[in-house]
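In: any chance you can model this:
(one chain, ligands or ions: 1)
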Amino acid sequence: MPRKEIKLDHSIEHLSILDENGRLDQDLMPDLSKEQLLRFHRGMLLARRFDERLLLLQRQGHIGTFAPVKGQEAAQIGAVANLKAEDWMLPAFREIAAILWRGTLPSALIIFNAGYNEGGKIPQQQRDFPNAVPVASQLPHGVGIAYGIKYRKKQEVVLTFFGDGATSEGDFHEALNFAAVFEVPAVFICQNNHWAISVPREKQTKSKTLAQKALAYGIPGIQVDGNDVLAVYAATQEAVERARSGGGPTLIECVTYRLTMHTTVDDPTKYRQEEEVKIWEKRDPLPRFQKFLQEAGHLSEKDIDDLEKEIKEHLDTEWSEAQQQMEKMGNPLDMFEHVYAQLPPYLQEQKEAFSQFIEAQKEADHA
Ligand SMILES: Cc1ncc(C[n+]2csc(CCOP(=O)(O)OP(=O)(O)O)c2C)c(N)n1
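Out: Numbers count the residues shown, from 1 in each chain. From the prediction side, this is the model:
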């Protein structure tokens, strides 16, 4: 038999609505009220300021390591703003903006990052999953939930966040394949921030885009400017509507950039060039959106100043609240709680040994 061609009629769309200078493509503008636009702005600014506060707290030794969101606020707010309370959100470990948007308090995130279990407790009615630290593990979890939603004939949607590095994991491919075959209501948001710790996007995949990986699974995929909150919102809105109406999953690649370190234990100057960061600083999603809002007459300098003040006060209060709560926590023996109703003998032994160690330390401190 001769070789023959199987023609594949595919291409990938790239969507951008606000350019780098905050200028709008009117034809593509999603239908959003002034109030909604201002909520996006507040969500992005709150995440930016909270991220900065977490970095200070980490540098002062109040909390442990965390993964900063700086630069990726638009990708997260634009996506999650499409969810209803009954929808599900599964974050990776950099989703500070999305988590705050869904209603988690800054104090809870501070407590979580200070190492207390209590900070990771999600209220019963809030359909968010805890941070997924194993890269891409949240994708099969999300698809499992989405399968359950379909099975029960509910109208809910599952949105999962992950990075460019996650697309190299088996979990990513299994999740997309399953989601596609069973047409589950899942939206996959890939934040292509160009780096997976020290591995650049070019070394992650030979594919031209990450969005095109959708084609292999037979689902819609789109690449958007991930620093443009309106483009992310519009693409996710389409995907969420499709998922809710039985149209199955979508992969969205948000092209963005991690402006600071991978986590607070990492030094990006060891592996990336300062010039690259400078280029992306010019594409920062926050000033770009502010410019647009100001030019549209929705936001004045004074409004920004007032909001900055309000956010600072809010974060001060949340930090005091977190401190007060943490004073009542912090028994190191808590790590033995909440997994087993009855501790297995080897853990019981460890607990007793650790308890004796703590007592001995206390006595040594007093001596
Ligand atoms: C399964 C697994 N392998 C390796 C790691 C170590 N690790 C932590 S973050 C990270 C890079 C993740 O990059 P990406 O998915 O692009 O997300 P980003 O951190 O850029 O937001 C790696 C390899 C891990 N946490 N889990």
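In: what sits against the residue in the stretch 1-150 of the chain that the ligand sits nearest to?
Out: Taking CB to the nearest ligand atom as the measure, the point where the stretch 1-150 of the chain comes nearest the ligand is Val135, at 3.8 Å. Where C-beta positions appear, they are placed from N, C-alpha and C, glycine not excepted. The neighbourhood of Val135, defined by CB atoms under 8 Å, 6 or more residues apart in numbering, consists of Ala92, Phe162, Gly163, Gly165, Ala166, Glu169, Ala196.
In: which residues sit in contact with the fifth one?
Out: When contacts are counted by CB under 8 Å, 6+ apart, Ala166 touches Ala92, Val135, Ala136, Leu139, Phe172, Cys190, Ala196.
In: now the second one, nearest residue through space, not along the chain?
Out: If the residues on either side of it in the chain are set aside, Val135 comes closest to Ala166, at 5.1 Å by CB to CB, 6 or more residues apart in numbering.
In: same deal with the fifth one?
Out: Closest residue to Phe172 in three dimensions, ignoring its sequence neighbours and counting by CB to CB, 6+ apart: Ala136, at 4.9 Å.
In: how many residues are close by the one you found?
Out: Number of residues near Ala136 (other CB atoms under 10 Å) recorded here: 22.
In: for Asp228, give me its contacts.
Out: For Asp228, the contacting residues are Ser16, Ile17, Leu18, Ala74, Gly78, Pro285, Arg288, taking CB under 8 Å, 6+ apart as the criterion.
In: change it to 7 Å
Out: Ser16, Ile17, Leu18, Ala74, Pro285 (CB atoms under 7 Å, 6 or more residues apart in numbering).
In: from those, list the buried ones, please.
Out: Under a neighbour-count criterion of 16 or more other CB atoms under 10 Å, the subset of the contacts of Asp228 counted as buried comprises Ser16, Ile17, Leu18, Ala74, Pro285.
In: so which of the residues you listed reach the ligand?
Out: When these are checked against the ligand using CB under 6 Å from any ligand atom, none falls in range.
In: now those as TSV including secondary structure and pLDDT?
Out: Below are these laid out as TSV (DSSP: H, G, I helix; E, B strand; the rest coil; pLDDT from 0 to 100):
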residue	secondary structure	pLDDT
Ser16	coil	96
Ile17	coil	96
Leu18	strand	95
Ala74	helix	98
Pro285	helix	97
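In: how does this structure divide into domains?
Out: Per the TED database, the structural domains of the chain span 13-330, 334-366.
In: out of those domains, nearest to Pro2?
Out: Across the domains of the chain, Pro2 has its closest neighbour in domain 13-330 (25.5 Å, CB to CB).
In: what's the end-to-end length of that closest one?
Out: 50 Å (CA to CA, to the nearest Å).
In: next, the buried residues of the helix or strand harbouring His41.
Out: With elements delineated by DSSP states H and E, His41 resides in helix 34-59, which encompasses its position. Judged by neighbour count (16+ other CB under 10 Å), helix 34-59 contains these buried residues: 37-38, 40-41, 43-51, 53-55, 57-58.
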